[in-house]
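Undergrad: After the sequence you'll find the predicted model.
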Amino acid sequence: MEKIGRTKIIDLLKREDFGATVNVKGWVRTRRGSKQVNFIALNDGSTINNVQIVVDLANFNEDLLKLITTGACLSVNGVMVESVGSGQKVEIQAREIDVLGTCDNTYPLQKKGHSMEFLREIAHLRPRTNTFGAVFRIRHNMAIAIHKFFHDRGFFYFHTPIITASDCEGAGQMFQVTTMNLYDLKKNEAGSIVYDNDFFGKQASLTVSGQLEGELAATALGAIYTFGPTFRAENSNTPRHLAEFWMIEPEVAFNDIADNMDLAEEFIKYCVQWALDNCADDVKFLNDMFDKGLIERLLGVLKEDFVRLAYTDGIKILEEAVAKGHKFEFPVYWGVDLASEHERYLVEEHFKRPVILTDYPKEIKAFYMKQNEDGKTVRAMDVLFPKIGEIIGGSEREADYEKLLARIKELGIPMKDMWWYLDTRKFGSCPHSGFGLGFERLLLFVTGMSNIRDVIPFPRTPKNAEF
């Protein structure tokens with residue numbers, strides 16, 4: 001086969017120099033046709049769109065043609081011509097075909113619809129479907145958008161540790177990291193595990209958040225963000241929870257809660273706009289195939305200012321809804337940690353746009369949040385979105401050493417884990433704020449997918465760590 005430089009299909013479909021000889025490589029999506037001529041839809045992952053290869057059967061031998069089945073990998077040399085049908089301007093008249101990889105009929109992705117559940121069972125092959133090709137191209141684009149947003153605003157990308165020995169969020173939710181033989185653990189008289197022989201010489205876990213270390217960085221570099229994997233060992237088998245997910249956590253010195261809300265709104269609108277501008281074909285495909293309201297919802301988020309609403313006022317609205325006969329599965333009262341049905345009611349039914357809920361009761365929020373003057377609430381903020389509920393959670397942090405120390409003691413958090421964090425309040429403390437965005441939650445919103453297991457290549461959930 002003559003050696004011609006490969007053209008990616010995404011680039012080929014934009015060309016207009018008809019008559020040029022080109023090479024494309026990719027996987028067969030479908031093959032159809034008559035006794036004289038066949039049409040092969042070829043896709044190479046660079047775009048959701050296939051290129052049509054027109055094969056005049058008289059020019060090719062039968063043994064080769066038998067190998068061209070759904071899923072097979074081909075290299076095709078041919079002439080680029082203007083397409084009459086097929087929805088594309090360009091097609092290729094095949095001159096030479098080389099089968100790089102054959103694919104027999106046990107290939108599970110034959111041309112028919114497959115359920116999301118079935119595709120999760122073959123997560124090693126599902127990126128080859130139109131749907132997952134679209135989702136993972138959008139996932140890449142969202143990562144680029146996030147880095148660009150922060151870089152353009154003078155933030156520094158800061159890498160916080162994935163293995164940590166501090167447990168700031170409560171022990172039950174962390175995965176342990178150890179080199180010890182779990183069937184032969186050394187224990188002291190009291191029956192507690194002795195970690196002397198373990199790799200780090202102490203108990204270590206996978207991180208649940210980079211925030212505390214991010215705060216240290218913000219009080220030196222001014223404005224930072226983390227973007228990395230985080231791990232929660234909660235037994236949450238829901239369409240919105242993963243045990244391993246990615247998190248973006250900006251932290252900014254001198255920002256108060258209002259600045260924090262402005263940053264969160266600007267950030268999320270930037271990401272949505274980026275998807276519409278840079279992933280138009282993929283977003284349109286997902287809109288047409290899965291979620292007819294997707295593009296409308298994305299545009300809706302861009303055009304409205306987000307509502308800023310105090311928790312106490314939010315509870316009043318929910319209580320009024322209950323009084324008027326609205327049924328919630330979970331009770332509503334001041335002090336409750338809102339369920340996603342409550343969050344979605346505020347966003348989808350009451351305000352019909354995203355809501356930033358602030359000033360939560362301190363009992364249901366983390367120890368590091370700045371306390372308000374009322375002594376009951378903290379300067380927390382959660383950004384609530386249609387279909388998702390909470391997409392961002394953040395706060396202004398408590399900058400006062402004594403107040404933070406008192407709260408740590410009140411909650412019984414061990415000082416051996418917290419001394420370094422308290423140092424930032426002792427040595428040149430400053431007001432600062434930040435938030436966390438679950439990357440996969442953002443992707444759920446932007447893709448219109450309904451299950452978080454379908455926006456990450458290989459989901460990790462209770463009783464499931466396949467591939």
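TA: Perfect, thanks for sending it.
Undergrad: For the rest of this, base every contact and every neighbour count on C-alpha atoms.
TA: Fine.
Undergrad: Quick check: mean pLDDT of stretch 332-344?
TA: Stretch 332-344 shows a mean pLDDT of 95.
Undergrad: hang on, I meant stretch 224-234
TA: Stretch 224-234 shows a mean pLDDT of 95.
Undergrad: Return the alpha-carbon coordinates of that stretch using CSV.
TA: Below are the C-alpha coordinates for stretch 224-234, written out as CSV (Å, rounded to 0.1, in the frame of the first residue of the first chain):
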residue,chain,number,x,y,z
ILE,A,224,-4.2,28.6,43.5
TYR,A,225,-6.3,25.7,42.3
THR,A,226,-6.0,22.0,42.6
PHE,A,227,-7.3,19.5,40.0
GLY,A,228,-6.8,15.9,40.9
PRO,A,229,-8.3,12.6,42.0
THR,A,230,-10.1,12.3,45.4
PHE,A,231,-11.5,9.3,47.1
ARG,A,232,-14.5,8.7,49.4
ALA,A,233,-15.1,5.4,50.9
GLU,A,234,-18.9,6.0,51.4
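Undergrad: Give me the contact list for it.
TA: 150, 155-160, 162, 172-175, 206-210, 214, 217-218, 242-252 (CA atoms under 8 Å, 6 or more residues apart in numbering).
Undergrad: Any of those buried? List them.
TA: Neighbour-count burial (16 or more other CA atoms under 10 Å) is assigned, among the contacts of stretch 224-234, to 150, 155-158, 160, 173-175, 206-210, 214, 217-218, 242-252.
Undergrad: Now, the contacts of stretch 224-234 that are in strands?
TA: Per DSSP state E, strands hold the following members of the contacts of stretch 224-234: 156, 157, 206, 244, 245, 246, 247, 248, 249, 250, 251, 252.
Undergrad: out of these, which one sits closest to residue 18?
TA: residue 246 (44.3 Å; CA to CA).
Undergrad: Can you say which helix or strand has the residue nearest to that closest one when sequence neighbours are not counted in it?
TA: Once flanking residues are discounted, residue 246 sits nearest to residue 229: 4.2 Å by CA to CA, 6 or more residues apart in numbering. Here residue 229 sits within strand 223-231, counting by DSSP states H and E.
Undergrad: same deal with residue 296?
TA: Using DSSP H and E, residue 296 sits in helix 294-303.
Undergrad: how distant is that helix from the center of its chain?
TA: 18 Å (CA atoms, centre = their mean, to the nearest Å).
Undergrad: Run through the neighbouring helices and strands of it.
TA: Judged by 3 or more CA pairs under 8 Å, 6 or more residues apart in numbering; DSSP states H and E, helix 294-303 is in contact with helix 257-278, helix 280-289, helix 439-447.
Undergrad: Quick one: closest of those helices to residue 121.
TA: helix 439-447 (19.5 Å).
Undergrad: Show residues contacting the closest one.
TA: For helix 439-447, using CA under 8 Å, 6+ apart, the contacting residues are 135, 138-139, 142, 240, 245-248, 272, 275, 283, 286, 294, 298, 387-388, 391, 450-452, 455-456.
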